[in-house]
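Colleague: I would like to see how this sequence folds:
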Amino acid sequence: MPNLVASAMPASPAAPERARAVEPSAEESALRLERRTLAACAAIETEWRDLAARAIEANPFFEPDFALPAAQHLVDFRDTPVLLVWSGAVASRRLLGFVPARLQRRLLGHDELTGLSNPRLGIATPLIDRDQAERVATTLLHAFGRWGLAKTQNLQLHHLDLDGPLLRSLLRVAEHTGHAASLEPAPEPPTIMGAPDLTALRHGLSRHGKLTFAESSSRQELRDMVELHLALEASGSLARAGAAALQDVRESAFLRAMTRNLAGSHRCRVGLLSLDDKPVAGAILIGKAPRLWLYSGVEDDRFISFAPLAQLVAWLGRRGRQREIIGDVPGPHAVTAPLRLGDIRLSVTTAASRRAPIVIRRRAAAA
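Modeller: Numbering: from 1, shown residues only. Okay, the predicted model is just below:
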(Lines give C-alpha, C1' and ligand atoms only; values in the text may rest on other atoms or scores of the structure.)
Protein backbone atom coordinates (compact mmCIF):
# COMPACT_ATOMS: atom_id res chain seq x y z
CA MET A 1 0.00 0.00 0.00
CA PRO A 2 1.40 3.45 -0.85
CA ASN A 3 2.55 5.48 2.10
CA LEU A 4 0.84 8.87 1.68
CA VAL A 5 2.91 10.49 4.43
CA ALA A 6 6.48 9.38 3.71
CA SER A 7 8.65 11.57 1.51
CA ALA A 8 9.22 10.67 -2.13
CA MET A 9 12.19 8.50 -3.17
CA PRO A 10 15.12 10.21 -4.95
CA ALA A 11 14.28 10.83 -8.61
CA SER A 12 17.67 9.86 -10.05
CA PRO A 13 19.41 6.82 -8.51
CA ALA A 14 22.26 7.18 -11.02
CA ALA A 15 23.36 10.42 -9.38
CA PRO A 16 23.32 9.78 -5.63
CA GLU A 17 25.29 12.89 -4.66
CA ARG A 18 22.91 15.17 -6.54
CA ALA A 19 19.87 13.32 -5.18
CA ARG A 20 21.06 13.76 -1.62
CA ALA A 21 21.50 17.47 -2.22
CA VAL A 22 17.86 18.06 -3.24
CA GLU A 23 16.02 15.36 -1.28
CA PRO A 24 13.98 16.93 1.56
CA SER A 25 14.82 15.93 5.08
CA ALA A 26 12.31 14.05 7.23
CA GLU A 27 11.59 17.32 9.06
CA GLU A 28 10.84 19.15 5.81
CA SER A 29 8.62 16.45 4.28
CA ALA A 30 6.54 15.68 7.38
CA LEU A 31 3.14 17.21 7.98
CA ARG A 32 2.52 18.85 11.34
CA LEU A 33 -0.73 19.52 13.14
CA GLU A 34 -1.41 22.64 15.17
CA ARG A 35 -4.52 23.61 17.11
CA ARG A 36 -5.66 27.23 17.41
CA THR A 37 -8.89 29.04 18.08
CA LEU A 38 -10.46 30.74 15.10
CA ALA A 39 -9.67 34.19 16.49
CA ALA A 40 -6.00 33.25 16.95
CA CYS A 41 -5.76 32.42 13.23
CA ALA A 42 -5.58 36.17 12.55
CA ALA A 43 -1.82 35.79 13.15
CA ILE A 44 -1.50 33.54 10.08
CA GLU A 45 -3.86 35.50 7.83
CA THR A 46 -1.34 35.69 4.96
CA GLU A 47 -0.79 31.92 4.89
CA TRP A 48 -4.52 31.37 5.34
CA ARG A 49 -5.41 33.52 2.33
CA ASP A 50 -2.76 31.80 0.23
CA LEU A 51 -4.27 28.41 1.07
CA ALA A 52 -7.81 29.65 0.24
CA ALA A 53 -6.59 30.62 -3.25
CA ARG A 54 -5.33 27.07 -3.95
CA ALA A 55 -7.92 25.05 -2.04
CA ILE A 56 -9.39 21.97 -3.69
CA GLU A 57 -12.82 23.57 -3.13
CA ALA A 58 -13.51 27.24 -2.53
CA ASN A 59 -15.40 28.08 0.65
CA PRO A 60 -15.90 31.80 1.40
CA PHE A 61 -17.35 30.93 4.83
CA PHE A 62 -13.93 29.66 5.99
CA GLU A 63 -11.91 32.51 4.52
CA PRO A 64 -10.57 35.29 6.79
CA ASP A 65 -13.04 37.92 5.53
CA PHE A 66 -15.99 35.91 6.89
CA ALA A 67 -14.43 33.84 9.66
CA LEU A 68 -12.51 36.55 11.53
CA PRO A 69 -15.53 38.90 11.93
CA ALA A 70 -17.53 35.86 13.02
CA ALA A 71 -14.94 35.02 15.69
CA GLN A 72 -14.89 38.65 16.85
CA HIS A 73 -18.62 39.32 17.03
CA LEU A 74 -20.55 36.04 17.22
CA VAL A 75 -20.68 33.88 20.34
CA ASP A 76 -21.11 30.71 18.25
CA PHE A 77 -17.67 31.18 16.66
CA ARG A 78 -15.67 32.78 19.47
CA ASP A 79 -13.91 29.65 20.73
CA THR A 80 -14.18 27.55 17.57
CA PRO A 81 -11.13 25.25 17.39
CA VAL A 82 -9.23 24.98 14.13
CA LEU A 83 -6.81 22.22 13.15
CA LEU A 84 -4.01 23.55 10.94
CA VAL A 85 -1.92 21.22 8.78
CA TRP A 86 1.58 22.49 7.94
CA SER A 87 4.32 21.14 5.71
CA GLY A 88 8.04 21.84 5.76
CA ALA A 89 10.44 23.08 8.39
CA VAL A 90 9.22 25.76 10.79
CA ALA A 91 11.23 28.52 9.09
CA SER A 92 9.71 27.81 5.66
CA ARG A 93 6.47 26.03 6.50
CA ARG A 94 3.43 26.09 4.22
CA LEU A 95 -0.20 25.82 5.24
CA LEU A 96 -1.90 22.84 3.56
CA GLY A 97 -5.05 22.46 5.63
CA PHE A 98 -7.46 24.73 7.54
CA VAL A 99 -10.01 22.50 9.26
CA PRO A 100 -12.43 23.99 11.83
CA ALA A 101 -13.04 20.88 13.90
CA ARG A 102 -13.22 19.61 17.44
CA LEU A 103 -11.42 16.50 18.69
CA GLN A 104 -13.81 14.39 20.73
CA ARG A 105 -11.67 12.35 23.10
CA ARG A 106 -13.09 9.12 24.45
CA LEU A 107 -11.93 6.91 27.26
CA LEU A 108 -13.26 3.86 25.44
CA GLY A 109 -13.13 3.56 21.69
CA HIS A 110 -11.43 5.74 19.13
CA ASP A 111 -11.27 9.51 19.27
CA GLU A 112 -13.27 11.42 16.64
CA LEU A 113 -12.46 14.58 14.75
CA THR A 114 -15.75 16.40 14.05
CA GLY A 115 -15.93 19.26 11.58
CA LEU A 116 -17.72 22.51 12.35
CA SER A 117 -21.44 22.62 11.66
CA ASN A 118 -23.41 25.86 11.93
CA PRO A 119 -26.60 27.11 10.24
CA ARG A 120 -24.82 30.28 9.12
CA LEU A 121 -22.52 28.27 6.87
CA GLY A 122 -23.78 27.72 3.36
CA ILE A 123 -21.15 25.01 3.05
CA ALA A 124 -18.63 23.67 5.58
CA THR A 125 -15.90 22.24 3.35
CA PRO A 126 -12.50 22.71 5.02
CA LEU A 127 -9.79 24.51 3.08
CA ILE A 128 -7.30 21.90 1.84
CA ASP A 129 -4.52 22.29 -0.71
CA ARG A 130 -5.71 20.87 -4.03
CA ASP A 131 -2.40 19.08 -4.68
CA GLN A 132 -2.10 17.60 -1.18
CA ALA A 133 -5.71 16.68 -0.38
CA GLU A 134 -5.18 12.95 0.16
CA ARG A 135 -2.01 13.47 2.15
CA VAL A 136 -3.75 15.99 4.44
CA ALA A 137 -6.79 13.72 4.86
CA THR A 138 -4.53 10.81 5.86
CA THR A 139 -2.85 13.00 8.47
CA LEU A 140 -6.23 14.06 9.88
CA LEU A 141 -7.24 10.41 10.24
CA HIS A 142 -4.19 9.89 12.47
CA ALA A 143 -4.32 13.13 14.43
CA PHE A 144 -2.93 13.25 17.94
CA GLY A 145 -5.19 11.37 20.32
CA ARG A 146 -5.53 11.46 24.08
CA TRP A 147 -2.41 11.62 26.26
CA GLY A 148 -0.45 12.82 23.21
CA LEU A 149 -0.51 9.39 21.58
CA ALA A 150 -1.45 8.81 17.94
CA LYS A 151 -4.63 6.85 17.42
CA THR A 152 -6.50 5.93 14.28
CA GLN A 153 -9.33 8.49 14.25
CA ASN A 154 -12.92 8.62 13.20
CA LEU A 155 -13.42 11.67 10.99
CA GLN A 156 -16.78 13.36 10.45
CA LEU A 157 -17.27 16.38 8.19
CA HIS A 158 -20.59 18.16 7.74
CA HIS A 159 -22.30 20.01 4.92
CA LEU A 160 -19.97 19.01 2.07
CA ASP A 161 -20.68 19.13 -1.64
CA LEU A 162 -21.44 15.48 -2.40
CA ASP A 163 -20.34 16.01 -6.00
CA GLY A 164 -17.16 17.91 -5.11
CA PRO A 165 -13.52 16.82 -5.51
CA LEU A 166 -12.79 16.81 -1.77
CA LEU A 167 -15.35 14.10 -1.12
CA ARG A 168 -13.83 11.96 -3.86
CA SER A 169 -10.39 12.41 -2.27
CA LEU A 170 -11.75 11.38 1.15
CA LEU A 171 -13.29 8.23 -0.30
CA ARG A 172 -9.99 7.29 -1.96
CA VAL A 173 -8.15 7.80 1.33
CA ALA A 174 -10.70 5.64 3.18
CA GLU A 175 -10.08 2.88 0.66
CA HIS A 176 -6.31 3.09 1.16
CA THR A 177 -6.40 3.25 4.96
CA GLY A 178 -9.17 0.71 5.48
CA HIS A 179 -11.67 3.11 7.05
CA ALA A 180 -15.37 2.53 6.51
CA ALA A 181 -17.03 5.47 4.73
CA SER A 182 -20.67 6.43 5.16
CA LEU A 183 -22.56 9.30 3.52
CA GLU A 184 -25.68 11.00 4.82
CA PRO A 185 -27.24 13.35 2.25
CA ALA A 186 -29.09 16.38 3.55
CA PRO A 187 -32.87 16.10 3.11
CA GLU A 188 -34.10 17.63 -0.11
CA PRO A 189 -36.79 20.32 0.08
CA PRO A 190 -40.26 19.14 -0.91
CA THR A 191 -41.33 19.78 -4.47
CA ILE A 192 -44.30 22.13 -4.72
CA MET A 193 -46.28 22.01 -7.93
CA GLY A 194 -48.28 24.78 -9.51
CA ALA A 195 -46.17 27.80 -8.48
CA PRO A 196 -47.47 31.10 -9.90
CA ASP A 197 -45.48 32.51 -12.80
CA LEU A 198 -42.95 35.10 -11.61
CA THR A 199 -43.55 37.27 -14.65
CA ALA A 200 -47.24 37.49 -13.80
CA LEU A 201 -46.40 38.27 -10.16
CA ARG A 202 -43.98 41.00 -11.20
CA HIS A 203 -46.65 42.50 -13.41
CA GLY A 204 -49.08 42.45 -10.47
CA LEU A 205 -46.53 44.06 -8.16
CA SER A 206 -45.83 46.80 -10.72
CA ARG A 207 -49.41 47.97 -10.35
CA HIS A 208 -48.47 49.27 -6.89
CA GLY A 209 -45.69 51.51 -8.21
CA LYS A 210 -42.53 51.67 -10.27
CA LEU A 211 -40.32 48.57 -9.88
CA THR A 212 -36.51 48.83 -10.00
CA PHE A 213 -33.84 46.14 -9.55
CA ALA A 214 -30.33 47.06 -8.40
CA GLU A 215 -27.07 45.27 -7.58
CA SER A 216 -24.13 46.83 -5.76
CA SER A 217 -21.23 47.75 -8.05
CA SER A 218 -18.87 49.48 -5.59
CA ARG A 219 -17.93 49.16 -1.92
CA GLN A 220 -19.70 52.40 -1.02
CA GLU A 221 -22.82 51.28 -2.82
CA LEU A 222 -22.65 47.93 -1.04
CA ARG A 223 -22.41 49.61 2.38
CA ASP A 224 -25.46 51.74 1.62
CA MET A 225 -27.45 48.78 0.34
CA VAL A 226 -26.56 46.70 3.40
CA GLU A 227 -28.09 49.41 5.59
CA LEU A 228 -31.26 49.44 3.47
CA HIS A 229 -31.36 45.63 3.74
CA LEU A 230 -31.08 45.82 7.53
CA ALA A 231 -33.76 48.48 7.74
CA LEU A 232 -36.16 46.43 5.62
CA GLU A 233 -35.60 43.40 7.87
CA ALA A 234 -36.18 45.55 10.97
CA SER A 235 -39.57 46.68 9.65
CA GLY A 236 -41.14 43.24 9.37
CA SER A 237 -42.04 40.07 11.20
CA LEU A 238 -38.46 39.30 12.27
CA ALA A 239 -38.32 42.56 14.19
CA ARG A 240 -41.66 41.83 15.85
CA ALA A 241 -40.19 38.51 16.99
CA GLY A 242 -37.05 40.27 18.28
CA ALA A 243 -34.84 38.47 15.74
CA ALA A 244 -33.83 41.27 13.37
CA ALA A 245 -30.10 41.91 13.00
CA LEU A 246 -30.45 45.58 14.00
CA GLN A 247 -31.86 44.44 17.37
CA ASP A 248 -28.60 42.63 18.17
CA VAL A 249 -25.42 44.72 18.35
CA ARG A 250 -23.17 41.71 17.71
CA GLU A 251 -25.20 40.49 14.75
CA SER A 252 -25.33 43.85 13.00
CA ALA A 253 -21.62 44.50 13.65
CA PHE A 254 -20.74 41.12 12.17
CA LEU A 255 -22.91 41.64 9.10
CA ARG A 256 -21.40 45.05 8.38
CA ALA A 257 -17.80 43.90 8.90
CA MET A 258 -18.23 40.66 6.97
CA THR A 259 -19.87 42.25 3.93
CA ARG A 260 -17.33 45.09 3.88
CA ASN A 261 -14.40 42.64 4.05
CA LEU A 262 -15.75 40.30 1.39
CA ALA A 263 -16.55 43.22 -0.91
CA GLY A 264 -12.85 44.09 -0.93
CA SER A 265 -12.11 40.76 -2.64
CA HIS A 266 -15.27 40.90 -4.80
CA ARG A 267 -16.88 38.07 -2.84
CA CYS A 268 -20.02 39.87 -1.69
CA ARG A 269 -22.89 41.49 -3.56
CA VAL A 270 -26.15 43.03 -2.39
CA GLY A 271 -29.31 43.20 -4.44
CA LEU A 272 -32.44 45.28 -3.87
CA LEU A 273 -35.90 45.27 -5.43
CA SER A 274 -37.62 48.61 -4.85
CA LEU A 275 -41.13 49.88 -5.34
CA ASP A 276 -41.22 53.64 -5.92
CA ASP A 277 -37.62 53.75 -4.58
CA LYS A 278 -38.57 51.94 -1.34
CA PRO A 279 -37.00 48.47 -0.91
CA VAL A 280 -39.44 45.55 -0.85
CA ALA A 281 -36.80 42.78 -1.09
CA GLY A 282 -33.11 42.48 -0.31
CA ALA A 283 -30.50 39.77 -0.84
CA ILE A 284 -26.90 39.44 0.39
CA LEU A 285 -24.83 37.09 -1.77
CA ILE A 286 -21.49 35.60 -0.70
CA GLY A 287 -18.95 33.98 -2.98
CA LYS A 288 -17.58 34.42 -6.46
CA ALA A 289 -18.88 33.29 -9.83
CA PRO A 290 -19.82 30.74 -10.84
CA ARG A 291 -21.19 29.90 -7.37
CA LEU A 292 -22.71 32.31 -4.87
CA TRP A 293 -24.63 31.68 -1.67
CA LEU A 294 -27.71 33.58 -0.54
CA TYR A 295 -26.57 34.49 2.97
CA SER A 296 -29.53 36.70 3.86
CA GLY A 297 -32.82 37.38 2.13
CA VAL A 298 -35.66 39.65 3.31
CA GLU A 299 -38.93 40.86 1.82
CA ASP A 300 -41.67 43.30 2.73
CA ASP A 301 -44.51 41.44 4.47
CA ARG A 302 -47.10 43.63 2.76
CA PHE A 303 -46.16 42.32 -0.69
CA ILE A 304 -45.25 38.74 0.18
CA SER A 305 -48.00 37.35 -2.07
CA PHE A 306 -46.04 38.72 -5.05
CA ALA A 307 -42.84 36.80 -4.01
CA PRO A 308 -40.55 39.86 -4.22
CA LEU A 309 -37.50 37.97 -2.85
CA ALA A 310 -37.90 35.18 -5.41
CA GLN A 311 -38.19 37.81 -8.13
CA LEU A 312 -35.00 39.54 -6.91
CA VAL A 313 -32.97 36.31 -6.67
CA ALA A 314 -34.12 35.23 -10.13
CA TRP A 315 -33.03 38.62 -11.52
CA LEU A 316 -29.63 38.42 -9.75
CA GLY A 317 -29.11 34.93 -11.18
CA ARG A 318 -29.60 36.25 -14.70
CA ARG A 319 -27.30 39.24 -14.17
CA GLY A 320 -24.04 37.50 -15.01
CA ARG A 321 -22.87 34.61 -17.11
CA GLN A 322 -22.12 31.33 -15.37
CA ARG A 323 -23.71 32.51 -12.14
CA GLU A 324 -25.59 30.10 -9.89
CA ILE A 325 -27.09 31.13 -6.56
CA ILE A 326 -27.37 28.55 -3.76
CA GLY A 327 -29.80 29.08 -0.90
CA ASP A 328 -33.30 28.84 0.47
CA VAL A 329 -35.97 31.20 -0.78
CA PRO A 330 -39.37 30.91 0.94
CA GLY A 331 -42.25 29.92 -1.29
CA PRO A 332 -42.69 27.48 -4.16
CA HIS A 333 -40.47 29.19 -6.74
CA ALA A 334 -37.34 27.28 -7.79
CA VAL A 335 -35.06 30.27 -8.39
CA THR A 336 -31.83 28.90 -6.82
CA ALA A 337 -29.45 26.30 -8.22
CA PRO A 338 -29.55 22.78 -6.75
CA LEU A 339 -26.57 21.59 -4.72
CA ARG A 340 -26.30 18.14 -3.16
CA LEU A 341 -24.97 18.57 0.36
CA GLY A 342 -24.38 15.98 3.05
CA ASP A 343 -22.13 14.59 5.78
CA ILE A 344 -19.35 12.04 5.51
CA ARG A 345 -18.03 9.84 8.31
CA LEU A 346 -14.87 7.77 8.07
CA SER A 347 -14.96 5.11 10.78
CA VAL A 348 -12.18 3.00 12.22
CA THR A 349 -12.03 -0.64 11.23
CA THR A 350 -9.56 -3.38 12.10
CA ALA A 351 -7.81 -2.76 8.79
CA ALA A 352 -7.54 0.95 9.54
CA SER A 353 -5.97 0.27 12.94
CA ARG A 354 -3.34 -1.96 11.33
CA ARG A 355 -2.50 0.64 8.69
CA ALA A 356 -1.76 3.62 10.95
CA PRO A 357 1.39 5.14 9.42
CA ILE A 358 4.45 4.48 11.58
CA VAL A 359 5.85 7.95 10.81
CA ILE A 360 2.77 9.62 12.29
CA ARG A 361 2.69 7.25 15.27
CA ARG A 362 6.29 8.02 16.22
CA ARG A 363 5.96 11.77 15.72
CA ALA A 364 2.81 11.96 17.86
CA ALA A 365 4.32 9.87 20.63
CA ALA A 366 7.25 12.28 20.77
CA ALA A 367 4.99 15.35 20.97
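
Colleague: from Ala180, how far out is Gln62?
Modeller: Rather than Gln, residue 62 is Phe. Separation of Phe62 from Ala180 (Cβ to Cβ, to the nearest Å): 27 Å. Placement of C-beta: from N, CA and C, glycine included.

Colleague: between these two, who's got more neighbours?
Modeller: Counted by other Cβ atoms under 10 Å, Phe62 and Ala180 do not tie: Phe62 has more neighbours, with 25 against 13.

Colleague: any idea how far that one is from His208?
Modeller: Distance, Phe62 to His208, by Cβ to Cβ: 42 Å.

Colleague: again, but for Pro330
Modeller: Applying Cβ to Cβ to Pro330 and His208 gives a distance of 20 Å.

Colleague: again with Asp328
Modeller: 26 Å.

Colleague: cool, Thr191 as well?
Modeller: Taking Cβ to Cβ, one finds Thr191 at 30 Å from His208.

Colleague: now swap in Leu31 and tell me
Modeller: 61 Å.

Colleague: what residue ranges in this structure score low on pLDDT?
Modeller: 1-29, 107-109, 144-152, 192-194, 350-367 (pLDDT under 70).

Colleague: at 80 what do you get?
Modeller: In the predicted model of the chain, residues 1-30, 89-91, 105-111, 143-152, 189-195, 320-322, 350-367 satisfy pLDDT under 80.

Colleague: how about the helices in it?
Modeller: 16-22, 26-29, 45-53, 64-73, 133-141, 165-177, 198-206, 219-233, 237-240, 249-264, 308-319, 350-354, 358-365 (DSSP state H).

Colleague: quick one: closest of these to Asp276.
Modeller: Taking Cβ to Cβ, helix 198-206 is the member of the helices of the chain nearest to Asp276, at 10.6 Å.

Colleague: just the buried residues of that closest one, please?
Modeller: Residues of helix 198-206 classed as buried: Leu198, Leu201, Arg202, Leu205 (neighbour count, 16 or more other Cβ atoms under 10 Å).

Colleague: quick one: the closest residue to Leu167 other than its chain neighbours from Ala101, how far?
Modeller: Ranked by Cβ to Cβ, 6 or more residues apart in numbering and with sequence neighbours excluded, the top spatial neighbour of Leu167 is Leu160, at 5.5 Å. Leu160 sits 13 Å away from Ala101, going by Cβ to Cβ.

Colleague: ok, Leu309 next?
Modeller: Distance of Leu309 to Ala101, computed by Cβ to Cβ: 34 Å.

Colleague: do Arg35 as well
Modeller: 9 Å.

Colleague: shared neighbours of those two, anything?
Modeller: Pro81, Val82, Leu83 (Cβ atoms under 8 Å, 6 or more residues apart in numbering).

Colleague: closest one of these to Ala263?
Modeller: Val82 (24.4 Å).

Colleague: wait, that closest one touches Leu38, no?
Modeller: Yes: contact criterion Cβ atoms under 8 Å: Val82 and Leu38 qualify, at 5.5 Å.

Colleague: of the two, who's got more company?
Modeller: With neighbours defined as other Cβ under 10 Å, Val82 and Leu38 compare such that Val82 has more, 25 against 22.

Colleague: so what's that one up against?
Modeller: Neighbour list for Val82: Arg35, Arg36, Thr37, Leu38, Cys41, Phe98, Val99, Pro100, Ala101 [criterion: Cβ under 8 Å, 6+ apart].

Colleague: for the nearest residue to Glu233 once chain neighbours are set aside, name its beta-bridge partners.
Modeller: The shortest distance from Glu233 to any non-neighbouring residue, by Cβ to Cβ, 6+ apart, is to Val298 (4.4 Å). Under DSSP bridges, the beta-bridge partners of Val298 are Gly282.
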